[in-house]
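A.B. asks: predicted model, plus sequence, below.
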Amino acid sequence: MPAWHAVTELDKLDLETPFPLRIGDQQVCVVRLEDGIFAINDVCTHEYALLSDGYFEDGKLECPLHQACFEVRTGKALNEPADVDVVTYPTKVEGGVVFVEV
Ligand code: FES
């Protein structure tokens, strides 16, 4: 059953800078963009690599291992070798605190 987890204060989330964390048994990557805060599963769907260790640009995270790219707003896998989207998680901000539902 998903639950909301407080992950950080909003003013500690730098714009367009991946913020990795562990929630329960899930590796999660939170990214603050101009139009909102987005959270995806941080593990590449191709093999095992943390997307937050990769390169971020223009709303996309590039896996550091084989360079598959994922859209952080939707989790969509944009190119091979990944062909499975990453899971996305709802986010919200309350009282200056960022929450992720995992
Ligand atoms: S592990 Fe991410 S593209 Fe291969």
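C.D. replies: That came in fine, so what should we check first?
A.B. asks: contacts and neighbour counts: CA atoms only from here.
C.D. replies: Will do.
A.B. asks: mind exporting stretch 48-60 as CSV, just the C-alpha atoms?
C.D. replies: The C-alpha trace of stretch 48-60 is given here as CSV (Å, rounded to 0.1, in the frame of the first residue of the first chain):
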residue,chain,number,x,y,z
TYR,A,48,21.6,-2.3,-12.7
ALA,A,49,22.7,1.3,-12.6
LEU,A,50,21.5,4.3,-10.7
LEU,A,51,20.1,6.9,-13.1
SER,A,52,21.0,9.7,-10.6
ASP,A,53,24.6,8.8,-11.3
GLY,A,54,24.1,9.6,-14.9
TYR,A,55,23.8,12.8,-16.9
PHE,A,56,20.8,15.1,-16.6
GLU,A,57,19.7,17.5,-19.3
ASP,A,58,16.4,18.9,-20.6
GLY,A,59,14.1,16.8,-18.4
LYS,A,60,15.9,13.6,-19.2
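A.B. asks: report the mean confidence score over it.
C.D. replies: Average pLDDT, stretch 48-60: 97.
A.B. asks: contact partners of it?
C.D. replies: 16-20, 29, 33, 42-44, 61-65, 69-73 (CA atoms under 8 Å, 6 or more residues apart in numbering).
A.B. asks: check whether it comes near the ligand.
C.D. replies: Yes: judged by CA under 6 Å from any ligand atom, stretch 48-60 and the ligand are in contact via 48-49.
A.B. asks: now do the buried residues in that stretch.
C.D. replies: Across stretch 48-60, burial judged by 16 or more other CA atoms under 10 Å covers 49-52, 54, 56, 59-60.
A.B. asks: centre of the chain to it, how far?
C.D. replies: Between the centre of stretch 48-60 and the centre of its chain there are 8 Å (CA atoms, centre = their mean, to the nearest Å).
A.B. asks: now stretch 86-93: average pLDDT?
C.D. replies: pLDDT averaged over stretch 86-93 gives 98.
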